[in-house]
Each structure stands twice: as C-alpha cells, then as structure tokens.
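Asker: here are the coordinates; sequence isn't available:
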C-alpha cells in the first residue's frame, strides 16, 4: 500500500485531515501524520518509508530527501515553495509540486485588512483615511491578484498592474491599467502590493530606487516574501520620508529598527499569516492529496515545479 506522509510543524485543521483521508482512503492509500514535531530527526524517521510527502512550511532539504528512500513525490500545500530544495528533489528523482491558488483569497483579504488597519490609524480613535479613490498597483499578477482586483473594485480604487510574464490582455480584461515598467507602476500608485515569488531575479529587487518614486502618502504592502525587499533601501526611504508606510505579513530582519524609530508607520503580523484561514488550510491540504493520488493513478504532473 502506498504511504502518504503529512509532516507539519503547524498541523492542518482537523476538517482538512478528514477530507484528505477520505481522498486517500478512496484511492487505497495510507495517510500517516507527523504533527507538531520538535526535532528534524523525527521528520527523517517518519519519512523513511513514505512514497509521498505533504508539507506546509516545513523544510524539505537534501537531508530529508536522502532519508526518504522510497519517496516519489513531495507536495507543498500552498503556493510558495522556497522551503523545498528543488535541486535535491531532481537529483533523487522526486517530483515536487505546489498547490497554486488555494490560499489566494486568504492572502488578498489579508492585504486589504492590513491596508484598512493602517488607513484607520489602527482603530485607536484617531481620524484616518479611506481607500476609495486611491491608486493601487499590483506588482505581479498571479492567482492572488484576481481576488485583489475584485476587492479593490469594491472599495472604488484605481487599479494598475505590472507583470512581464502575463499577457496584457488578461490584465486589461480584468479591468486593470497595464504598466510597462516597474518604475511606471511605483510612480503612479499610492499603494503598491507585492505578489511575486522570491528567486534569484527578485531578491532585494524592491528597494530605494523604486520606493522613492512613489507619490505622497505611499504605502508598500508585502504578502509575498521578505527576501524581495531590500531592507537597507526601505529603511533609507523611511528615514527620508515620514509619509512612507510598510505593511507586511512577514516580519523584516530589521524589525527592531522599525519599532525603535518608526512607530505607527508599519504593520507586521506575528507570523506569516497569508494562508492562515480555515478555508485556505482545507483547500491546500485537499488539493495536495488530490494531486498525489492523480500522480500515482494517471501520472499527472501539471503542478510540477522542478525539472
């Protein structure tokens, strides 16, 4: 019997596990759980006889892959996959997948929740501002941005986007004004929301030279990865422009500097919160289970992310 291991330091919701088990039971596969583990050695032991692996933010590096002598596929239940060592997966003939789009609405809602919280001065009793009529730029236009567009339109915001990898017609059909460059996007928008992955081309790509172009009352929103931000450049613009604000669901390495010098100009969630809803948790887990069953039954590799 095929064994599918779910290894999670942060467990799935019980309803997600129930639905995942229904899928694997129907396929005739075993679903094993390793939850709330405290040491990576527990992970190495549990994965030793697994044919498939489902993780959330858990690190799957070469040591994990080597410990998994039977492993054929690993699925990251979520969109971002920088916790997977893709080169090690490829070297050991392990297919790696993610589950894109399953937490997209949760991430979009969080972006606007932070924007509202900041605009209304943290709901502390002071007069704030409104989102209606403001310009918002979407830096990248993937699954999350489809929901960002819907919500922004509801608030009556003016929408712009930049993504060289998406057909302009797709963005225009969504009712978004297309920018030709990142510089154009940042110069036109009071709010810029970042939605690109962290890779060799995007790391530290959002820095001082872009941020200085933003108009008065600028607000940078990051629900992507902290690695795409050049924190040195961000701190420089904060020092030069008291009107500049930063909202992120992942704390920057320089969090202490923000707390000491720039109170009331930032919002950082306690941990990576984009996918922290019951709905997203269930969606991603169920999608991961289905993709593994489909892979074993039909060979489907639609969501493969390694070569």
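Answerer: Structure's in. What do you need? For clarity, every value in this text was computed on a predicted model and none was experimentally measured.
Asker: So what does the nearest residue to residue 281 once chain neighbours are set aside look like in phi/psi?
Answerer: Once flanking residues are discounted, residue 281 sits nearest to residue 13: 4.8 Å by Cβ to Cβ, 6 or more residues apart in numbering. Every C-beta, even on glycine, is put in place using the N, C-alpha and C of the backbone. With angles defined as degrees, to the nearest 10, residue 13 sits at phi -60, psi 150.
Asker: now do residue 8
Answerer: phi -140, psi 120.
Asker: Please give the number of neighbouring residues around it.
Answerer: With neighbours defined by other Cβ atoms under 10 Å, the count for residue 8 comes to 21.
Asker: so who does the closest residue to it other than its chain neighbours touch?
Answerer: Once flanking residues are discounted, residue 8 sits nearest to residue 56: 5.1 Å by Cβ to Cβ, 6+ apart. Applying Cβ atoms under 8 Å, 6 or more residues apart in numbering to residue 56 gives the contacts 8-10, 12, 76-78, 284.
Asker: residue ranges for the strands of the stretch 101-250 of the chain, please.
Answerer: In the stretch 101-250 of the chain, the segments counted as strands under DSSP state E, counting those that start in this stretch are 135-139, 158-162, 177-178, 191-194, 219-222, 245-248.
Asker: out of those, nearest to residue 33?
Answerer: strand 245-248 (31.6 Å; Cβ to Cβ).
Asker: Tell me the helix or strand right after the closest one.
Answerer: helix 255-261 (DSSP states H and E).
Asker: in that next one, what's buried?
Answerer: residue 258 (16 or more other Cβ atoms under 10 Å).
Asker: Output the contacting helices and strands for that helix.
Answerer: helix 231-240, strand 266-268 (3 or more Cβ pairs under 8 Å, 6 or more residues apart in numbering; DSSP states H and E).
Asker: helices or strands next to the shortest one in the packing?
Answerer: The contact analysis (3+ Cβ pairs under 8 Å, 6+ apart) places strand 266-268 against helix 104-119, strand 245-248, helix 255-261.
Asker: let's go with 10 Å and repeat that
Answerer: If you count contacts as 3 or more Cβ pairs under 10 Å, 6 or more residues apart in numbering; DSSP states H and E, strand 266-268 packs onto helix 104-119, strand 219-222, strand 245-248, helix 255-261.
Asker: buried stuff in the first one?
Answerer: In other words, helix 104-119. 104-112, 114-115, 118-119.
Asker: ok so, going back, nearest to residue 242, of the contacts of residue 56?
Answerer: Nearest to residue 242 among the contacts of residue 56 is residue 78, at 36.2 Å by Cβ to Cβ.
Asker: thought that closest one was touching residue 197?
Answerer: No: contact criterion Cβ atoms under 10 Å: residue 78 and residue 197 do not qualify, at 11.8 Å.
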